[in-house]
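Q: Next input, structure requested:
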Amino acid sequence: MKLYELTIQETHRGLKDKKFSAVEVAEDYLARIKKIDGKVKSFITVTEKTALEQAKEVDKKIKQGEEINSLAGIPASIKDVIVTKDILSTAASNILKNYLPPFDATAVKKLKNKGLVLLGKVNCDAFAHGASTENSDFFTTHNPWDLERAPGGSSGGSAAAVAADECEYSLGTDTGGSIRQPASFCGVVGLKPSYGRISRYGLMSMTSSTDCLSIIAKSVADAAIILKEIAGKDKKDGTASDIPVGDYFSVLENSDARDLKIGVPEEYFTEGMNPEVEIAVKNAISKFKDLGSEIIPVSLPHAKYAVPVYYIITPSEISSNLARYDGMRYAKFETENLKFETKNLLDSYLKIRGQGFGAEAKRRIMLGSYVLSAGYYDAYYLKAQKVRALIKKDFEEVFERVDILMAPVSPNVAFKIGAHSDNPLEMYLEDIFVSAVSLAGLPAISVPCGFAKDKNNSKEMPVGLQIIGRPFDELGILKAGYVYEKNTEWRKRRPEIK
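A: Model (predicted):
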């Protein structure tokens with residue numbers, strides 16, 4: 001039995017029935033990582049000793065007859081922008097490459113209390129700045145379906161690790177599509193909750209007004225199980241909501257699509273998108289019509305402004321959030337190339353930050369500082385916030401007529417590594433179908449819905465269906481995703497890594 005191919009439900013059942021031990025599950029995943037991660041390159045840090053110690057504790061509880069949580073003994077990975085106590089948390093950036101946090105993020109702490117088995121920390125675009133994981137200061141992660149292609153980003157390490165069966169689930173972050181897009185590219189489930197549903201305490205801030213700690217999983221049911229355990233109020237995060245989180249998994253079995261009103265935004269099927277991606281998504285939506293749903297065309301007229309609005313607001317908040325990293329706090333920045341005598345504090349900042357930050361981080365800091373400067377604040381930042389309010393209003397009006405929205409996650413399948421390296425603007429446009437949802441603070445999920453070839457008619461790659469819900473209606477999108485998952489056989493196809 002390949003234990004690394006099981007879902008959370010299957011592993012939990014096997015542990016309770018004593019068909020295998022938590023240590024055996026952990027060892028199976030660790031062996032898998034050793035075998036293939038040299039090709040996929042998902043992990044920055046593998047925590048083998050920690051994982052086996054945690055697994056032994058779970059086995060001890062089972063042996064003593066204690067009831068275990070659904071996530072106890074389930075091997076997971078965590079994106080490296082989420083801090084873990086005494087385990088390297090680098091944000092995939094040179095300026096934090098030696099950082100050992102003295103505390104856990106709230107979500108990590110909750111998982112540890114439930115019996116977490118942590119396999120390690122996974123790669124991402126440095127400080128989550130990107131849509132391909134090529135902006136990591138350490139190395140580029142590869143898509144398990146085609147090692148020459150990007151896994152998406154910024155949570156590319158999380159998506160690739162789950163798709164390659166290197167972990168059972170992964171915690172990542174979604175600021176402007178950073179869970180949904182890599183989930184779509186890698187053929188896994190990516191759940192972005194409502195803004196404030198999960199505490200951001202312990203998450204290295206990128207864009208504080210849109211950052212969402214999020215989930216990559218093998219199935220919709222698995223995502224529902226994880227959400228229940230990590231969501232909720234947190235006194236350490238003033239943005240964390242106290243709206244109750246139900247046991248969503250327990251009600252999924254009774255889900256159906258009858259009388260469901262599904263809105264399909266016309267703006268999300270644009271000229272220039274890959275025709276095969278469009279067909280795959282429309283076929284998925286048609287499946288719901290066959291199951292008794294009502295399909296309603298809708299319009300989000302300000303959605304076309306989402307990308308420029310996002311890339312004004314995001315760099316502005318980045319320029320503020322990255323000001324704390326000076327190479328002296330958190331972790332001492334050291335490199336053989338950095339040899340200088342400090343003349344004064346400013347000189348030290350310029351040289352350390354100049355070499356410690358990568359090109360994309362510098363680009364966003366400079367753009368954000370410009371937008372927030374005295375002469376341009378009203379013209380750019382303030383106007384962007386006004387348009388953001390209009391984008392949010394569009395969604396509010398549409399949700400008066402429909403229950404959920406369905407759309408593509410990306411206009412294309414995963415692109416070749418290096419395809420957009422010389423054109424940052426092309427990379428920013430990868431967020432065209434996902435950024436509006438983030439600006440409005442809505443929940444959304446990417447569910448695998450088929451395969452498509454790119455314009456070069458090359459290898460077939462996964463396509464994701466994006467399901468968008470009302471604020472804090474994670475149950476609505478999970479139920480729709482579960483219904484689709486139950487009526488298809490997409491999980492039977494897996495990437496072959498040779």
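Q: need the contact list for the nearest residue to I95 once chain neighbours are set aside.
A: What sits nearest to I95 in space, not counting adjacent residues and going by C-beta to C-beta, 6 or more residues apart in numbering, is G356, at 3.2 Å. Using the backbone N, CA and C atoms, a C-beta is placed for each residue, glycine as well. Each residue near G356 by C-beta atoms under 8 Å, 6 or more residues apart in numbering is listed here: S93, N94, I95, Y325, G327, F333.
Q: do P424 as well
A: If you count contacts by C-beta under 8 Å, 6+ apart, P424 has them with E360, R363.
Q: Relative to T207, how far out is it?
A: Applying C-beta to C-beta, to the nearest Å, the value for P424 to T207 is 17 Å.
Q: okay, the contacts of G356 in TSV with distance to S178, secondary structure and pLDDT next?
A: Output for the contacts of G356, formatted as TSV (distance: C-beta to C-beta, whole Å; DSSP: H, G, I helix; E, B strand; the rest coil; pLDDT from 0 to 100):
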residue	distance to S178	secondary structure	pLDDT
S93	15	coil	95
N94	20	helix	92
I95	20	helix	92
Y325	20	coil	90
G327	25	coil	80
F333	25	coil	74
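Q: List just the nearest of these to S435.
A: Proximity to S435 was ranked across the contacts of G356 by C-beta to C-beta; first place goes to S93, at 22.7 Å.
Q: Burial check on K351, number of neighbours?
A: The burial metric for K351, expressed as a neighbour count using other C-beta atoms under 10 Å, is 17.
Q: SS state for it?
A: Classification of K351 using DSSP: H, G, I helix; E, B strand; the rest coil returns helix.
Q: Which pLDDT value goes with it?
A: Reading off the per-residue confidence, K351 sits at a pLDDT of 78.
Q: again, but for the one 3 residues further on
A: Each residue has a pLDDT score; the one for G354 is 82.
Q: Okay, buried residues for the helix or strand where it lies please.
A: When elements are assigned from DSSP states H and E, G354 belongs to helix 345-356. By neighbour count with 16 or more other C-beta atoms under 10 Å, helix 345-356 contains the buried residues S348, K351, I352, R353, Q355, G356.
Q: Mind checking what helix or strand follows it in sequence?
A: Note on helix 345-356: by DSSP H and E, the next helix or strand toward the C-terminus is helix 359-371.
Q: Identify all contacting residues around that next one.
A: The set of residues that contact helix 359-371 without belonging to it, under C-beta under 8 Å, 6+ apart, is 93, 125-127, 129-130, 135, 311-312, 314-320, 322, 354, 357, 376-377, 380-381, 424.
Q: ok, of the residues you listed, which come out buried?
A: Of the contacts of helix 359-371, these count as buried by 16+ other C-beta under 10 Å: 93, 125-127, 129-130, 135, 311-312, 314-320, 322, 357, 380-381, 424.
Q: Which of these fall within helices?
A: When these are checked against helices using DSSP state H, the ones located there are Y311, I312, T314, P315, S316, E317, I318, S319, S320, P424.
Q: helix, strand or coil for I215?
A: Classification of I215 by three-state DSSP places it in strand.
Q: Now it. Nearest residue, chain neighbours left out?
A: Leaving aside its sequence neighbours, I215 sits nearest to L191 (C-beta to C-beta, 6+ apart; 4.5 Å).
Q: low-confidence ranges in the stretch 251-400 of the chain?
A: Counting by pLDDT under 70, the stretch 251-400 of the chain contains low-confidence ranges at 334-342.
Q: hmm, try it at 80
A: In the predicted model, the stretch 251-400 of the chain carries pLDDT under 80 at residues 328, 331-351.
Q: How about the stretch 1-150 of the chain?
A: Applying pLDDT under 80 to the predicted model, the residue ranges of the stretch 1-150 of the chain that meet it are 1.
Q: Roughly how far does the nearest residue to A107 once chain neighbours are set aside sit from I216?
A: In space, A107 comes closest to I230 once its chain neighbours are excluded; the distance is 4.4 Å by C-beta to C-beta, 6+ apart. Using C-beta to C-beta, we find I230 at a distance of 13 Å from I216.
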